[in-house]
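> okay, here's the prediction I keep looking at, along with the sequence it came from:
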Amino acid sequence: MGQFEGFIGVDFWTALFVLLNTLAIFFVARKYLFNPVHKMITDRQSEIDGMYADADKAKKDAEEMASEYRRKLSEAQATSEKLVKEAVSRGQNREEEIVRQANQEAAAILDKAQHDVALEKKKAVNDAKNEISSMALAIAEKVVGREINAKDQAALVDQFINELGDKA
């Protein structure tokens, strides 16, 4: 057994040196390898978390902007519809006003024309009356053989015109 023990046997001092070497390597690796790597991994994880947070914030902002855009778009559509309705209403009111003014002008022109026709008729009747009275006076003077005064002339003319009016 001596040789076997020497072959696989554990020497206290060797085991102690191996243990101390392992601990020294562990502390050196921990100080110069594990801590920097851990710090690098933690920093990278923080950076990734920050990127996700920024992405979530950007997504939330984009959604808010999209909803704001949709709201403003619907407001703009409502405003444009309102403006179109107001413009149509103003157009219809203006159309009605123009038609009313045209009807008033047409009625005024018709009244003026009727008035002018009445004046022309009255003037024609007066002209005819004057001409007839002149002719009647001339005929009456020849028939009667004397001169008729203005009062008699007016009475004869009126009688003659009334008789013409009755026959017509």
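Right, received. Where do you want to start? Small disclaimer: the values here were computed from a predicted structure and weren't measured. Numbers count the residues shown, from 1 in each chain.
> longest helix in this structure, by residue count?
helix 35-144 (DSSP state H).
> buried set for the helix or strand following it?
Remark: after helix 35-144, the chain's next helix or strand is helix 150-167, criterion DSSP states H and E. Going by neighbour count (16 or more other C-beta atoms under 10 Å), the buried part of helix 150-167 is 153, 156-157, 160-161. Any C-beta I mention is one placed from the backbone N, CA and C, and that applies to glycine too.
> ok, so of those, who is nearest residue 83?
Looking at these and their distance to residue 83, the nearest is residue 161, at 69.3 Å (C-beta to C-beta).
> does the closest one really touch residue 129, like I thought?
Yes: in this structure, residue 161 is within contact of residue 129 by C-beta atoms under 8 Å, at 6.0 Å.
> which pLDDT value belongs to residue 5?
Looking at residue 5, its pLDDT is 54.
> same question, residue 138
pLDDT, read off for residue 138, is 69.
> cool, residue 82 as well?
92.
> what of residue 111?
So, for residue 111, pLDDT stands at 91.
> ok, now residue 130?
So residue 130 comes in at 76 (pLDDT).
> contacts only, for the most centrally placed residue in the chain.
The centre of the chain sits closest to residue 83, judged by C-alpha atoms, centre = their mean, with a distance of 2.7 Å. Residues near residue 83 by C-beta atoms under 8 Å, 6 or more residues apart in numbering: none.
> how much space between residue 70 and residue 77?
To residue 77, residue 70 is 10 Å away according to C-beta to C-beta, to the nearest Å.
> ignore what I typed, I meant residue 135.
85 Å.
> and residue 22, by the same measure?
77 Å.
> residue 53 now?
Residue 53 is 36 Å from residue 77, by C-beta to C-beta.
> can you check residue 65 too?
As judged by C-beta to C-beta, residue 65 and residue 77 stand 18 Å apart.
> residue 20 too?
Taking C-beta to C-beta, one finds residue 20 at 82 Å from residue 77.
> go on, residue 153?
From residue 153 across to residue 77, the span is 87 Å (C-beta to C-beta).
> could you list the low-pLDDT ranges of the chain?
1-10, 136-138, 140-148, 164-168 (pLDDT under 70).
> tally of neighbours for residue 84?
Neighbour count of residue 84, defined by other C-beta atoms under 10 Å: 10.
> list the contacts for residue 94?
Contacts of residue 94 (C-beta under 8 Å, 6+ apart): none.
> from residue 76, how far out is the residue nearest to the centre of the chain?
10 Å.
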